[in-house]
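A.B. asks: have a look; sequence and predicted model below, questions after that.
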Number of protein chains: 2
Amino acid sequence: MTRDDALALDAADALAPMRQLFDLPDGLIYLDGNSLGVLPRATAARVGQVITQEWGRGLIGSWNSAGWMDQPQRLGDKIARLVGAGPGELVVADSTSVNLFKVLSAALAVQREDAPTRRVIVSERSNFPTDLYIAQSLCQQQGCSLRLVDAPGQIAAALDADTAVLLLTQVNYRTGHLHDMAGLSRAAHRAGARVVWDLAHSAGALPVALNADGADYAVGCGYKFLNGGPGAPAFAWVRPDLVDRFVQPLSGWLGHAAPFAFEPGYQPAAGIARYVCGTPSVLAMAALECGVDTLLAAAPLGGMAALRAKSLALTRLFIAAAAERCAGQGLLLVSPDDDASRGSQVCLAFDPASDAGRAGAAHAVVQALIARGVVGDFRAGSPGKGLTGGAQDSAAEGPAANQADILRFGVTPLYTRFVDVWDAVAHLRGVIDRGEWREPRFTQRGAVI
Amino acid sequence: MTRDDALALDAADALAPMRQLFDLPDGLIYLDGNSLGVLPRATAARVGQVITQEWGRGLIGSWNSAGWMDQPQRLGDKIARLVGAGPGELVVADSTSVNLFKVLSAALAVQREDAPTRRVIVSERSNFPTDLYIAQSLCQQQGCSLRLVDAPGQIAAALDADTAVLLLTQVNYRTGHLHDMAGLSRAAHRAGARVVWDLAHSAGALPVALNADGADYAVGCGYKFLNGGPGAPAFAWVRPDLVDRFVQPLSGWLGHAAPFAFEPGYQPAAGIARYVCGTPSVLAMAALECGVDTLLAAAPLGGMAALRAKSLALTRLFIAAAAERCAGQGLLLVSPDDDASRGSQVCLAFDPASDAGRAGAAHAVVQALIARGVVGDFRAGSPGKGLTGGAQDSAAEGPAANQADILRFGVTPLYTRFVDVWDAVAHLRGVIDRGEWREPRFTQRGAVI
C-alpha cells in the first residue's frame, strides 16, 4: 500500500465532503477529536448571533422568544437520534461528571428499593478516572463499594448477587476497547444489576443503541465526537420506565415540575426533564448544537452506520500501516485488533524492552509528532507502576494496558482523511527512526487533555 | 422633582461613562439586570476569538497555551476581588445550584464532625427555590430537616442547639431585602451553626465582604450582576480554614490533586480547586470574564462602594418617584425602605383592596410595561394562597411578602441611568392609570426568568 492508495480511498469516500463542514487549520493532521472535536464552520456565526441578537437585543425575553427554555430538551432530542434513544428521553445539562452523579445516584436508589442487599458497583480500573471518582464518592456516602476489574473479559464474571450497578464507559479511553453494550447489559440484568453507560467516546463516533441494547442509564460528553467545543455541556439519558422512579439528588429549579411557580417545595418534572439542575449556559449549548448538527448532516450519506464503516477503515489503515512501516520500533498495539471491539481510536505503547520503552518515551514521541503537525495525545500509565506484562498482555486484556504509557490517535470519520492516517504513521516512523523524541524540547511534561 | 432633575443626576454621575461598556438596545429601559445582565461590548469579539483562534486554531493545545486549564481559578481570583475574598479562595464552576450542593454538603459534613446532633438547616421560606430544593435533597439524604422562617427578623431566633447550617441568599430575590451578613454570620456562629451565603443578587451589585463578615461558605451567580450571559457559570467560595476539611461529593476529575495522572483513586486538590468538578465550558467562562471585567473597570471610579452608592440613589429615586407619581394606585412597597436593608432592586405589589390587586394584575402590568420598552419582571406569589396580611406586612417582614405577586425592578449601577428610573415610573403610572393591564394581550401568562 502507498500514499497514493490512501489518496484514492479519500477520492472514493462518499463522506469526504463532510470535512467541509469544519474549520481545520491548514496542514494539521488532527487525531485528537476523541479529546476535543474540531470547530464546525457554523459555530462562530451561530454563537455570535446568540450573543449579539438573542442576548444583546432580546435580553431576558429570549428565554421564551429564542427558545432558550426548551434548549436542553430540544438539543437532547437531536442527540437522542445519534444514540438510539427516543424523543423526550435525553436531556443536555451540566458536565459528564455531574450527570454521572445524577444517574448513578438514581441507579443505586432504584436498587435500594428493588434489591437492598446489593451494595457493589462494578467497573473497570481503567475506566476514565472521573467516573471512578464519582462512583467512589457515592460509595462513601451510601456505604457501597467499588469492584474494579482489570480487563474487559473479567467484567461478566464480576457480576454477582452483591452487584447493584455495572458502570462502564462504552469505549475505554485508554485502550479504545469497545464493549458489547447489548451483551453486558444482558449480563448485568441477568445478574440482577442495573447498568450505567458513559458514552463519552462512543456518542457520535459509532452507532449506539441505548434502548435496543438494554441500557438503563447513560451519560455522554459534548466536546469529543459531538464537536461542541471545549467543555461543552454533557447529556443524560434514562430508560423511560425507570426515569420517574427516582428524584435525582441535584434537584435544581430547572428540573422542577413548574420552575416559574417558585414553590418552596421540590416537585420533580415528569420524565427526563428532572435531570436538568441549574440554569444551563445558552452560549455553550448553541455551540454544542452546531456540533451535533454536523453529525445529523451525515444522515443522507448513511449516518452513524456509514461513519462507523469509515472509522473502522481508518483505524484498520492506521494499524496496518503502523505494523508495516514501524515494524521493529518496539511499538505494541494496545487497542483491539478486532474491528467489533475497537472504538474510533488506535492506542499504542512501547515494548518495555525497546529503546523508547526503556526511556519512557511515549510522551516525548507525542510531543515530537505535534511539532511535526500530527496531533495525537498521551495518556500516562498508572503512576509508580511499570509495564508488568509483555506484548501478549497489551491487547486490552491484562493489567499492562492499564499501566503502560499510551500514545493515542483518534479518528473522526467526519473530517479525518485516509491520507491523514497514512501521513501520521509516516511521521511516527520518522520521529522514532530519527530519535527525535530524545530532544530536550520534547521531554518536558505538560498537562494535556 | 422633575425629569430634568433626573437628567442632571446623570450628568453629574461619575459612573455614567461605564454605560459605554455595554451594548444596550436603543430606547430600552432595562430593569432586569438582576435576572440577566446586559451584553458587554467586549463579549462578542472575545468569545469569537476563543472560538475561531483558541479552539479553531489552537485546538487541544489551548488547554495549556491559551490558559484554559487555569480559567476557573484565574477568573475566580477576579470575582474574589468583588466579594471580599482572597486570591486562591474562589473558583468558577458549574451552576449556582450545583455549587450549593457542594458547599452545603461540606457544611453539613463539617458539622457531622463538630456537632453531630445538629441536624437542622435554617433558611427563609422566600429564599430562591433552587436553594431550598437543594437543601431538601441533602436533608433527605442525610436525615436532616429544613426550618423555614417567614421574615428576616425571625432568622436569629430560629438558630438553636439543633441548627447545623444557616443558609441565606444575601439579597432576597422576591423582596430585595439585604441581610446583614456580619450580624447573621455572628449569630449563626454564636449558636454553633455554620453559615452558607448565596450571593446571586449581591455579587457585583454591592460590596460583599465574605472574609471580614465571617461567612463560612458562599456561592454566586454569573449571569445577573456579573453580566456573564445567559446561564453563565457560577462560583463557589469556602473560608480558607474550612476548605480542606471536607471532600465535596461532586468529585470530578478536574478537582483532583493531579488530574492528568489519571489515577483510579480520588485525591482532592488542596484548597478551593477541589470544588471544580467536570470540564467547564471555556466559551461560557470567556463570556463571564468579559462581564466581570466591566465591574473591575469601575475600580478607578470607586469600585463596588461607588456602585453601591449609585444603586441606592437609583432605588431611592424609584421609591420616591413611585410614591409621588403612583399615589392612590394601590401600589405597596415590598422592598425595605431603609437603605441599609435594600439590595439593588425595588419590588412592588398591589394592595389586595385596589382594582389591580383584586384583579391579580401584577403580571399583566409587567407585560404592559415591557410593551412600552420598560423591562422589569414578575414573580408569582405562593400559589394557592392570597395575601393574608395588609400593607403593614409587606415590607419583607411578614408572610405577605412571600405570597404577593411581585413587580420587580432591578437597577444595575453600571448601566442604569437616573432618567431610566424616572421614565420607568412614568410608564408604570401610565399603565395603571390607563388600565392598559386589562388588555387581553397582557393577561396571558408566559414563563419569564
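C.D. replies: Looks like it came in fine.

A.B. asks: next up, phi/psi of A:Leu168, please.
C.D. replies: With angles defined as degrees, to the nearest 10, A:Leu168 sits at phi -140, psi 150.

A.B. asks: and A:Asp337, by the same measure?
C.D. replies: phi -80, psi -20.

A.B. asks: tell me the spacing between it and A:Ala12.
C.D. replies: 25 Å (Cβ to Cβ, to the nearest Å). Glycine gets a C-beta too; all of them are placed from N, C-alpha and C.

A.B. asks: which of those two has more neighbours?
C.D. replies: Set A:Asp337 next to A:Ala12 and count neighbours by other Cβ atoms under 10 Å in any protein chain shown: A:Asp337 wins out with 13 against 9.

A.B. asks: isn't that one right next to A:Ile319, touching?
C.D. replies: Yes. Taking Cβ atoms under 8 Å as the definition, A:Asp337 is a contact partner of A:Ile319 at 6.7 Å.

A.B. asks: what's the neighbour count on the residue of the stretch 1-150 of chain A found nearest chain B?
C.D. replies: The nearest approach of the stretch 1-150 of chain A to chain B comes at A:Ser95, 2.7 Å away (Cβ to the nearest Cβ). When counting by other Cβ under 10 Å, one arrives at 30 neighbours for A:Ser95.

A.B. asks: who's in contact with the longest helix belonging to chain A?
C.D. replies: Scanning chain A for the helix with the most residues, using DSSP state H, yields helix A:303-325. With contact meaning Cβ atoms under 8 Å, 6 or more residues apart in numbering or on different chains, helix A:303-325 is reached by A:1, A:6, A:9, A:13-15, A:82, A:176, A:204-208, A:295, A:298, A:302, A:331, A:333, A:335, A:337, A:339, A:342, A:344-346, A:348, A:409, A:411-414, A:416, A:418, A:421-422, A:424-426, A:428-429.

A.B. asks: show the buried residues in these.
C.D. replies: Among the contacts of helix A:303-325, those classed as buried by neighbour count (16 or more other Cβ atoms under 10 Å in any protein chain shown) are A:6, A:9, A:13, A:15, A:82, A:176, A:204-206, A:208, A:295, A:298, A:331, A:333, A:335, A:342, A:344-346, A:348, A:409, A:411-414, A:416, A:418, A:421-422, A:424-426, A:428-429.

A.B. asks: name the SS class of the residue lying closest to A:Val83 once chain neighbours are set aside, please.
C.D. replies: Among residues not flanking A:Val83 along the chain, A:Val208 sits closest, at 4.1 Å (Cβ to Cβ, 6 or more residues apart in numbering or on different chains). Recorded secondary structure, A:Val208: coil (DSSP: H, G, I helix; E, B strand; the rest coil).

A.B. asks: please tell me how far A:Val208 sits from B:Ser145.
C.D. replies: Taking Cβ to Cβ, one finds A:Val208 at 42 Å from B:Ser145.

A.B. asks: for the stretch 251-400 of chain A, which residues are neighbours of chain B?
C.D. replies: Residues of the stretch 251-400 of chain A lying near chain B by Cβ under 8 Å from any Cβ of the partner chain: A:251-253, A:256, A:259-266, A:277-285, A:287, A:370, A:375, A:377, A:379-380, A:382-383.

A.B. asks: can you do 6 Å?
C.D. replies: A:251-253, A:260-262, A:264, A:266, A:277-284, A:287, A:380, A:383 (Cβ under 6 Å from any Cβ of the partner chain).

A.B. asks: many thanks, have a good one.
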